[in-house]
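Visitor: build me a structure from this.
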Amino acid sequence: MIKKLLKKASEIEPHEIKATTLSFLLVFVLMLAYYILRPVRDAMASDWTDAEVSQLWTLNFFISTGVVALYGLAVSKIKFKSLVPGVYAFFAISFVLFYFFMSTITDRVLIEKSFYIWISVFGMFHLSVFWSFMSDLFNKDQARRLFATIATGASAGALIGPMIPTIFAGISGTDNLVLVASVLLLFAIPIIVYLSKIKVEVFKNEDTTTDMGKYKIGGNPFAGFKSFVTNPYLLAIGVFILLYTMISTFVYFEQKNLLAEYDRATRTQILGSIDWIVNVLTFGIAFFATSRIVKNIGMGYTLAIMPLIVCAGILVLAFAPIIVVLLALQVGRRAGNYAITKPAREMLFTEVDKETRFKAKPVIDVVVYRGGDTVTAWIFTGLTEGLGLGFAAVGVIGAGIAAIWAGVGIYMGKLYNRKKTKE
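Guide: Numbering: from 1, shown residues only. Down below sits the predicted model:
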């Protein structure tokens, strides 16, 4: 009965249930660890000035770029069997070291700022590696049917994760939460190992004849950067990510300005409500609808759905800047991204080879994303504080960016379909 229910709800075949469930559990654990750490990080920022936080954002971009370059070296040199487990073991060890320094150093300002940057790096990097692993584990047809369901594990982790620091931070202290997150990352490693066995023994997907204990991806450690700027398919994905990041930053600043009239407690309640509603909607949409949306309307229009909705929403908000419109826009934008746009976007990487998947994808997910954050924040500041543009004018510009974003999504769908046709 359970198998029939799952197949009816999400098009999961019986032999895929175990891998899908474990993949769901894996991203759940990863997001649980991140959402335990995020409040610890964000609480630190309240002790610093805006200028200090801006400096940390800029440093984050450069450090993220360096980490991606080092990861490219690891992809070339480390046996593939150890690559993904090694990433999460590395982060787990780094959190233990942060806990040690936080416990022993009296003047913690420098170590806390380092921790702030490192969690921001981890926040982007752990999901990028996870989806690279998923793209390698499942074939193209499986990705279309299963990725949205697997993505609901991230929403579940995002729902439960913040409850842990809320309940236990006052009892055990925030430093101990860093250790909890470290242990959770270690739990992820045996799940990854078992999923690799399923790929070989059950799915018999590509590369199953390879001796995974000896196999290395090899190649140029910096091939990911080169592939990104020379491959039109990857460049289009990067532009799509960049435009998404620009829209997110625009909406974030519009939200910040609109909430300025409320006291801090009320802001916290509003933002907390948005987070909760977003994750509930994401879980339902991704589990029951996303795979069918991709199947029925195609990849291009699936990628364009949310940009078009956001374009309309920003225009409404620009001329009706009230809290109800903001709530509707944020809930729709974030839930739609997590439930529809992101799973569809990750499906695009099933059309590239393994080296590209593990080297170029982090360049797009981390470097382009963080670069977009930094650049767009300064653009927004220039428009408002430099040129003195008002709420409506900035909103119209944001809507224009969203319209371009939709066009790029449709173009990406055509490239994706063209690759599938060639096969």
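Visitor: what's the helix or strand residue 244 falls within packed up against?
Guide: For residue 244, the host element (DSSP states H and E) is helix 232-258. When contacts are defined as 3 or more Cβ pairs under 8 Å, 6 or more residues apart in numbering; DSSP states H and E, helix 232-258 packs onto helix 223-230, helix 299-319, helix 323-336, helix 342-347, helix 369-381, helix 391-422. C-beta coordinates here come from the backbone N, C-alpha and C atoms, glycine included.
Visitor: which one of those has the poorest average confidence?
Guide: When the helices and strands packed on helix 232-258 are ranked by mean pLDDT, helix 369-381 comes last with a mean of 77.
Visitor: isn't there a helix covering residue 388?
Guide: No: under DSSP: H, G, I helix; E, B strand; the rest coil, residue 388 falls outside any helix and is assigned coil.
Visitor: measure it to residue 246 for me?
Guide: Look at residue 388 and residue 246: by Cβ to Cβ, to the nearest Å, they are 21 Å apart.
Visitor: who has more neighbours, these two?
Guide: residue 246 (23 against 8; other Cβ atoms under 10 Å).
Visitor: mind listing what that one touches?
Guide: For residue 246, the contacting residues are 372, 376, 379, 401, by Cβ atoms under 8 Å, 6 or more residues apart in numbering.
Visitor: tell me, how many residues neighbour the residue nearest to it when sequence neighbours are not counted?
Guide: Counting by Cβ to Cβ, 6 or more residues apart in numbering, residue 376 is the residue found nearest to residue 246 once chain neighbours are left out, at 4.6 Å. Using other Cβ under 10 Å, residue 376 has 21 neighbouring residues.
Visitor: from residue 397, how far off is residue 376?
Guide: Residue 376 sits 11 Å away from residue 397, going by Cβ to Cβ.
Visitor: need the helices and strands packed on helix 232-258 in TSV (columns: distance to residue 67).
Guide: Listed next are these as TSV, based on distance: least, Cβ to Cβ, whole Å:
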stretch	distance to residue 67
helix 223-230	12
helix 299-319	28
helix 323-336	26
helix 342-347	20
helix 369-381	10
helix 391-422	26
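Visitor: in stretch 102-117, what counts as buried?
Guide: 102, 108, 111, 112, 113, 114, 115, 116, 117 (16 or more other Cβ atoms under 10 Å).
Visitor: can you put the contacts of residue 246 in CSV and add distance to residue 410?
Guide: As requested, those are exported to CSV (distance: Cβ to Cβ, whole Å):
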residue, distance to residue 410
372, 20
376, 22
379, 25
401, 15
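Visitor: wait, which of these is closest to residue 241?
Guide: Ranked by distance to residue 241 (Cβ to Cβ), the contacts of residue 246 are led by residue 372 at 7.2 Å.
Visitor: check what pLDDT the closest residue to that closest one other than its chain neighbours gets.
Guide: In space, and not counting its chain neighbours, residue 372 is closest to residue 245: 3.2 Å by Cβ to Cβ, 6+ apart. At residue 245, the predicted lDDT confidence score is 84.
Visitor: again, but for residue 86
Guide: Confidence score, pLDDT, at residue 86: 90.
Visitor: and it, what does it touch?
Guide: Residues 74, 78 are the ones in contact with residue 86 under the rule Cβ under 8 Å, 6+ apart.
Visitor: check which helix or strand it maps to.
Guide: helix 80-104.
Visitor: show me which residues of that helix are buried.
Guide: Under 16+ other Cβ under 10 Å, the buried positions of helix 80-104 are 80-81, 83-85, 87-89, 91-92, 94-95, 98-99, 102.
Visitor: do the same with stretch 293-307
Guide: 293, 294, 298, 299, 300, 301, 302, 303, 304, 305, 306, 307.
Visitor: not counting its neighbours along the chain, what's nearest the fourth one?
Guide: The shortest distance from residue 299 to any residue other than its chain neighbours is 4.0 Å, reached at residue 413 (Cβ to Cβ, 6+ apart).
Visitor: what of the fifth one?
Guide: Nearest-residue entry for residue 300: residue 413, 2.0 Å, with adjacent residues in sequence omitted and distances by Cβ to Cβ, 6+ apart.
Visitor: how about the contacts made by the one you found?
Guide: 298, 299, 300, 301, 302, 303, 304.
Visitor: list just the nearest of those residues to residue 288.
Guide: Using Cβ to Cβ, the contacts of residue 413 come closest to residue 288 at residue 302, 15.2 Å.
Visitor: residues contacting that closest one?
Guide: So residue 302 contacts 293, 294, 340, 341, 344, 409, 413 (Cβ under 8 Å, 6+ apart).
Visitor: check contacts around the fifth one.
Guide: Under the criterion of Cβ under 8 Å, 6+ apart, the contact partners of residue 344 comprise 147, 290, 294, 299, 302, 303.
Visitor: so what's the residue lying farthest from the centre of the chain scoring on pLDDT?
Guide: In the chain, counting by Cα atoms, centre = their mean, residue 106 sits farthest out from the average C-alpha position, at 34.4 Å. pLDDT, residue 106: 76.
Visitor: swap in the one 10 residues further on?
Guide: On the pLDDT scale, residue 116 is placed at 86.
Visitor: can you offset everything so residue one is 44?
Guide: Done: numbering now begins at 44, and the last item shifts to residue 159.
Visitor: tell me the secondary structure for it?
Guide: Of the three states, residue 159 takes helix according to three-state DSSP.
Visitor: that one touches residue 90, doesn't it?
Guide: No: at 10.4 Å, residue 159 does not count as touching residue 90 under the criterion of Cβ atoms under 8 Å.
Visitor: got the phi/psi numbers for residue 341?
Guide: phi 90, psi 160 (degrees, to the nearest 10).
Visitor: tell me the contacts of it?
Guide: Shown in contact with residue 341 (Cβ under 8 Å, 6+ apart): 456, 460.
Visitor: would you quantify the distance from it to residue 187?
Guide: 11 Å.
Visitor: and for residue 111?
Guide: As for residue 111, its distance to residue 187 is 28 Å (criterion: Cβ to Cβ).
Visitor: between these two, who's got more neighbours?
Guide: residue 111 (26 against 20).
Visitor: how about stretch 90-108: buried residues?
Guide: Per 16+ other Cβ under 10 Å, stretch 90-108 contains these buried residues: 91, 99, 100, 103, 104, 106, 107, 108.
Visitor: equivalent analysis for stretch 404-412, please.
Guide: Buried-residue list, stretch 404-412, by 16+ other Cβ under 10 Å: 404, 405, 406, 407, 408, 409, 410, 411, 412.
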